[in-house]
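K.L.:
Next come a sequence and a model predicted from it.
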Amino acid sequence: MSLLKKCCVFSAVSVMAAASVCSCSDKHNIKKAEKNLQDFVPITEIFEDSKNYYLIVKDIDDQYWKLLAKGAALSGNELEVNIYMSGSSDETEIDQQIALAEKAVASGADGIIIAPDDAVKLSDCVTKIHEAGIPVVLADTIVNCHDYDVCFMTDNMIAGREAAKELLKDMHNNGVSEDETAYAAIMSGAITVPTLNERVAGFCGYWAEHAPEKWKLLDDITKSNAYEDALSNVEDVLDKNKNIKGIFAVNYFTAAGSAAVMQKKKMTDVSLVCFDFSEEISEFMRDPDYTVSTILQKTYDMGYLSVKACDSISNGETPERKYVDTGIVVLDPETRNTPQVQEIIAQY
């Protein structure tokens, strides 16, 4: 089976895996999840007699979601509405998000903004909130239903294609000949995260269309659930495959893990393309011996626009569109000092 077909199967399997998890959800799991919840905290000023919106993110401690919250807080303060934030302890704790959504409803939320951990399992929860007449805005990730008001996120298929384009360019610039056999590895996250699967599918599609004949993708897509997994998985893949000249790291912790292993092994002949921005990637990019690029999402904008939309819907307005692509910007040595890139970096 070709890797492009495997990528399509990978995306389909992720939906089926999520569906199987969904069937196991029950009140017992939700009650258990409630014990580990971090309570909602205000991220805006507290405005008396104002509307209360609840933001639920995928990982309460992750830098990416803190950036989204910064955008949401600015928007809330501008509108003089109250934004309360919480989230799951990591992106696999789906029942925690459901428990938080139920808690927001019980608290009298005027609107809920949620970045779903799971496209399938959160769909019933989103539907129930929406049917109760509470505005539901999705950020970063869509759900497998139409019972929400608007979604602000990256078009991840397009972003994945852009990542493949960038990796092919970087491998050329790093001295890989089109006449030599070379491989690229895909390091991805949890199978139940649809945004990651869409990036992989977009990447594989562009690679199949544009890569030199002798440049191949490894047959297996390596999946990691946390940074520690990514560290060992990247090292294992590099040890077992001697002709790797490129790595596509699909999310934050696979990117950080890939950078750490590449530096440890001094693999300056391998190009890395990843997503988003972190201290680890910033430091890695400053080392001129390595070739690294990253796809920057407009995370801050997602948070800012989500609150604007939530308030607008709560006031009786209907969004012009159901889905809004917030866009991406490529950060590489050529674009690093452009105003677009600097504006996004400054938000972190």
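P.N.:
The structure has been received and is ready for your questions. In this text the structure is predicted, and so the values were computed from the model without any measurement. Residues are numbered from 1 along each chain as shown.
K.L.:
so V292 sits right up against V270, yeah?
P.N.:
No: with contact defined as Cβ atoms under 8 Å, V292 does not count as touching V270 (9.7 Å). Glycine gets a C-beta too; all of them are placed from N, C-alpha and C.
K.L.:
Could you measure from K265 over to Y206?
P.N.:
Using Cβ to Cβ, to the nearest Å, K265 is found at 27 Å from Y206.
K.L.:
quick one: which of the two has more around it?
P.N.:
Taking other Cβ atoms under 10 Å, K265 and Y206 do not tie; Y206 has more neighbours (21 against 13).
K.L.:
SS state for that one?
P.N.:
helix (DSSP: H, G, I helix; E, B strand; the rest coil).
K.L.:
what domains does the record give for this protein?
P.N.:
As given by automatic domain parsing, the domain ranges for the chain are 3-11+155-297, 36-154+299-326.
K.L.:
So for stretch 131-148, what gets flagged as buried?
P.N.:
If you call a residue buried by 16 or more other Cβ atoms under 10 Å, then stretch 131-148 has these buried ones: 134-144, 148.
K.L.:
just stretch 178-192 next, same as before
P.N.:
Buried residues in stretch 178-192, counting neighbours by 16+ other Cβ under 10 Å, are found at 182-192.
K.L.:
same thing with stretch 65-82?
P.N.:
Those buried within stretch 65-82 under the rule 16+ other Cβ under 10 Å are 65-77, 79, 81-82.
K.L.:
Which of the residues you listed sits closest to K51?
P.N.:
Distance ranking of those against K51, using Cβ to Cβ, places V81 first at 4.8 Å.
K.L.:
D147 belongs to a helix?
P.N.:
No: with three-state DSSP as the criterion, D147 is coil rather than part of a helix.
K.L.:
pretty sure it contacts V126?
P.N.:
Yes: using Cβ under 8 Å, D147 is in contact with V126, at 5.8 Å.
K.L.:
intersection of neighbour lists for the two?
P.N.:
Shared contacts of D147 and V126 (Cβ atoms under 8 Å, 6 or more residues apart in numbering): V136.
K.L.:
For D229, which residues are in contact?
P.N.:
D229 sits next to G257 when contact means Cβ under 8 Å, 6+ apart.
K.L.:
So it, which state does it fall into?
P.N.:
Using three-state DSSP, the secondary structure recorded for D229 is helix.
K.L.:
Out of the buried residues of stretch 178-192, list just those in strands.
P.N.:
Applying DSSP state E to those, the entries found in strands are 182-188.
K.L.:
Mind picking the one among those that's closest to S89?
P.N.:
Set against S89, the nearest of those by Cβ to Cβ is S188 (20.8 Å).
K.L.:
Quick check: bridge partners of the closest one?
P.N.:
Judged by DSSP bridges, the bridge partners of S188 are K223.
K.L.:
quick one: it and D220 touch, right?
P.N.:
No: counting by Cβ under 8 Å, S188 does not reach D220; the two are 10.6 Å apart.
K.L.:
Which neighbours do the two have in common?
P.N.:
By Cβ under 8 Å, 6+ apart, no residue touches both S188 and D220.
K.L.:
Any stretches of the stretch 101-250 of the chain with poor pLDDT?
P.N.:
By pLDDT under 70, the low-scoring segments of the stretch 101-250 of the chain are 192.
K.L.:
these two touch, right, Q347 and D301?
P.N.:
No: taking contacts as Cβ under 8 Å, Q347 lies outside contact range of D301: 9.1 Å.
K.L.:
hey, what's in contact with both of the two?
P.N.:
G71.
K.L.:
In terms of neighbours, single out the busier of those two.
P.N.:
Set side by side, Q347 and D301 show more neighbours around D301, with 18 against 14, by other Cβ under 10 Å.
K.L.:
what residues are up against that one?
P.N.:
Contacts of D301 (Cβ under 8 Å, 6+ apart): 71, 152, 326-327.
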